[in-house]
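> from the sequence below, what's the structure:
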Amino acid sequence: MPPLIRFAFALPWAVGAAAALAAPDWSRIPAREITVFHPGATSVEWLASGHPGASVLKSGQPCIVCHETKTGLDYSAKRLAPREPDVQAMPRTVSFPVSVQAAVDKGTLSVRLAFKPPADAPLGRDAAHELKAALMLLDDQVPQAAQAGCWATCHQDLRGMPGGDPKKGKYVAAGRFELLQWTSGKPAAQPAGVKVASTQEGGRTVVTFSRKLGGAAVAGRSVPFGIAIHANHAAGRLHYVSLGYRLALGDGVAGEVQALGR
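Got it, this is the predicted structure:
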C-alpha cells in the first residue's frame with residue numbers, strides 16, 4: 001500500500017520568521033475565479049476508470065479541459081449524487097466561486113482566497129470549526145497532479161469513503177504534497193514556516209497563506225494545486241473542492257493562476 005505522506009515539503013526557514021512577512025498590495029493583483037463544488041464520494045481511482053472523461057485524463061489532459069467553460073463550470077450534481085452514500089451530505093448549493101490571487105515578494109509566496117460559503121450547507125460533524133479553507137501544493141512527481149490537482153491524493157480506501165480505512169488519510173504513491181489549512185476555531189497545524197491570516201471583507205471570508213519559496217514552489221516552475229472549503233462544520237471529504245489548477249511562479253511560466261511580483 002502506498003505510504004501516507006503529509007506536509008512533506010521541507011521549507012527553508014524557521015517558524016518565527018513568519019511574523020516578518022509583509023502582505024502584498026492585493027488591489028494590484030488580478031484575481032482568478034475558481035469554482036469549488038461538492039464532489040460526492042469520488043476518488044482518483046474513479047476519475048481514471050468509471051468517470052466518462054477517464055480517457056482524457058489518461059491522455060495527460062487536465063480536468064479543466066472538459067469542465068471549465070466560458071460560461072462557468074460544467075458540472076452536474078445530479079450525475080454525482082448517486083456516488084454520495086450519505087444522502088444528507090449533498091447540499092442544496094452544490095458549488096460557489098472562490099477568488100484566488102497569488103503574489104511573490106522578496107522570495108515569499110502568498111496565496112489569497114476570498115469566498116462566501118453557502119448558508120445552506122448541511123450541518124457537519126466538526127464541532128470545533130464552523131469553517132475551514134485549505135490550499136494544497138503538489139510537486140511534479142505526484143501521479144496525475146498536473147491533471148487533477150489535490151484529487152491525486154484522494155483514494156478510494158481513505159477514511160470517510162465507502163468501505164474506507166478510518167485510520168487512513170490522504171497519500172500519494174510518489175512525490176510530495178503540502179497541505180496548508182486555515183480554521184475558524186483553534187488554529188490548524190501548518191508545515192514549518194507557513195503563515196496564515198484571515199479577515200472579513202464585504203461579507204466574504206478572506207484567507208491568505210504565505211511562505212518562503214522552496215520545495216515544489218520555486219521560481220520558474222508551474223505548481224499543481226487545489227483548494228477546498230469546509231462549510232457549516234463539515235468534516236473530512238464532505239467539503240467543496242476545486243479541479244486541478246497550476247500556479248505559475250515566474251514570467252512565461254504556464255499556469256491558470258499567475259503569481260505576480262518581483
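> in the lengthiest strand in the chain, which residues are buried?
Of all segments of type strand in the chain, defined using DSSP state E, the longest is strand 95-105. For strand 95-105, the neighbour count (16 or more other Cβ atoms under 10 Å) marks 96, 98-105 as buried. Using the backbone N, CA and C atoms, a C-beta is placed for each residue, glycine as well.
> so which of the residues you listed is the closest to residue 72?
The closest of the buried residues of strand 95-105 to residue 72 turns out to be residue 96 (Cβ to Cβ; 11.3 Å).
> and the closest one, how far from residue 195?
Noted for residue 96: a distance of 26 Å to residue 195, by Cβ to Cβ, to the nearest Å.
> sheet partners, orientation included, of the longest strand of the chain?
Using DSSP bridges, the strands paired with strand 95-105 are strand 32-37 (antiparallel), strand 108-115 (antiparallel), strand 257-261 (parallel).
> report the rounded mean pLDDT for the helix or strand just after the first one.
Just to be clear, that refers to strand 32-37. If you walk from strand 32-37 toward the C-terminus, the next helix or strand you reach (DSSP states H and E) is helix 44-47. Helix 44-47 shows an average pLDDT of 90 in the prediction.
> quick check, residue 55 in a helix?
Yes - counting by DSSP: H, G, I helix; E, B strand; the rest coil, residue 55 is part of a helix.
> surely residue 150 touches residue 243?
No - Residue 150 is beyond contact range of residue 243, at 9.4 Å (criterion: Cβ atoms under 8 Å).
> tell me the residues that contact both of these two, please.
Here residue 150 and residue 243 have residue 226 as joint contacts, going by Cβ atoms under 8 Å, 6 or more residues apart in numbering.
> can you tell me who residue 112 pairs with across the strands?
Using DSSP bridges, the bridge partners assigned to residue 112 are residue 101, residue 208.
> who are the contact partners of it?
Going by Cβ under 8 Å, 6+ apart, the list of residues near residue 112 reads 24, 26, 29, 99-103, 206-209.
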